[in-house]
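J.: 3D model of this:
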Amino acid sequence: MSSGEFSGKVALVTGGGSGIGRATAIAFAKAGAKVAVDDINQETGLETVALIQAEAGQAIFILADVTDENAVERMVAETVAAFGRLDCAFNNAGISGGSLPGEYWDSEIFARTVAVNQFGVFYCMKHEIAQMLKQGGGAIVNTSSIAGMSGAGHPGYVASKHAAAGLARGAALSYATQGIRVNAVCPGAIRTPMVQRVVESSETNRRLIENMHPMNRIGEAQEVADAVLFLCSDKASFITGHPLAVDGGYLAR
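T.: Below you'll find the model as predicted:
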C-alpha cells in the first residue's frame, strides 16, 4: 500500500470515520504512515481502519470526543503507546452548526459548534504539541473552511472556523523555532456525506453548490487530503501559519 513518503512516521486524524477525515487517513497510510483514526462514531471509524488494513496499512481506532480534554489527552497517549511517536496531526473533527434561518442566533447550537470546532482543535493542539516537543518536532494541520476566511455561514460555524485558522497561525509563531509547523486547510464545498445529502435533495441545490465555485463543481475529499499531506510533508518545510484554500477559486472572487 505504501508510496513511502511518510514511511516511519505516525499520523493522527480526528474525525477520521468519514469524508475528508477518512480520505486523509487512507492517504497517510498509502504514503507509508502508521495512522491513528479518531472518531465519535465507532462503526465508521473502524470501517476506515479496516479499509487501511485491507491494503496492508497499519492503523488503530481510538474512540474519543474532542470536546473532552481528558479524552483528547488519552487519544494522544494511546497513539504514542501504539506507535511510539506522533509526527503528523490532522485536527479535522467538526460539525456544521445551524443551517436554517431560524437557527442563526440559537445559543445552544452556537455553543455546541464552538465546543467541537474551536475548543476541540485547541485541546488537540495542546496535547499534540506537548508530545511533538518531547520528540523534537512535527506538523499539524487544522480543518478550517472558506467560512474561516469569509463570512459565509452561521455565527458558530464562522467564528469557530476563523478560530481554527487563527489557532494555527498563533501556534505557528510560537513554535516556529522548535521544529513544529502548524497550518490550516480551508475547503469549499466538498463531496462528503453531509454535502452529498444536500446535493441529492434537489437539482436546484446541486446547481447552487456547484456555482459557488468558479470551477463550477464540488470538490472531492481526496483533493483536501492531498493538500493536508503536502502541508505535513518535507515539501512544505518552509510553510507555517498558512491557511490553504482548497475551494475551486471561491475565495479569489
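J.: buried ones in stretch 145-161?
T.: Residues 145-150, 152-161 are the ones in stretch 145-161 that count as buried (16 or more other CB atoms under 10 Å). Where C-beta positions appear, they are placed from N, C-alpha and C, glycine not excepted.
J.: list the buried ones in the helix or strand hosting Ile129?
T.: Per DSSP states H and E: Ile129 is located in helix 120-135. Neighbour counts over helix 120-135 (16+ other CB under 10 Å) mark 120-125, 127-129, 131-132 as buried.
J.: wait, Gly179 touches Gly138, no?
T.: Yes: with contact defined as CB atoms under 8 Å, Gly179 counts as touching Gly138 (7.3 Å).
J.: give me the common contacts of the two.
T.: Jointly contacting Gly179 and Gly138 under the rule CB atoms under 8 Å, 6 or more residues apart in numbering are Met132.
J.: more neighbours: the two, which one.
T.: Taking neighbours as other CB atoms under 10 Å, Gly179 and Gly138 compare with Gly138 leading, 26 against 13.
J.: grab the nearest non-local neighbour of the more buried one.
T.: Nearest non-adjacent residue to Gly138, counting by CB to CB, 6 or more residues apart in numbering: Met132, 3.5 Å away.
J.: contacting residues around that neighbour?
T.: 86-87, 138, 140, 179-180.
J.: looking at the residues you listed, which is nearest Thr67?
T.: Of all those, Thr67 sits closest to Ile140, with 18.6 Å by CB to CB.
J.: helix/strand/coil for that closest one?
T.: Under the three-state scheme (DSSP: H, G, I helix; E, B strand; the rest coil), Ile140 adopts strand.
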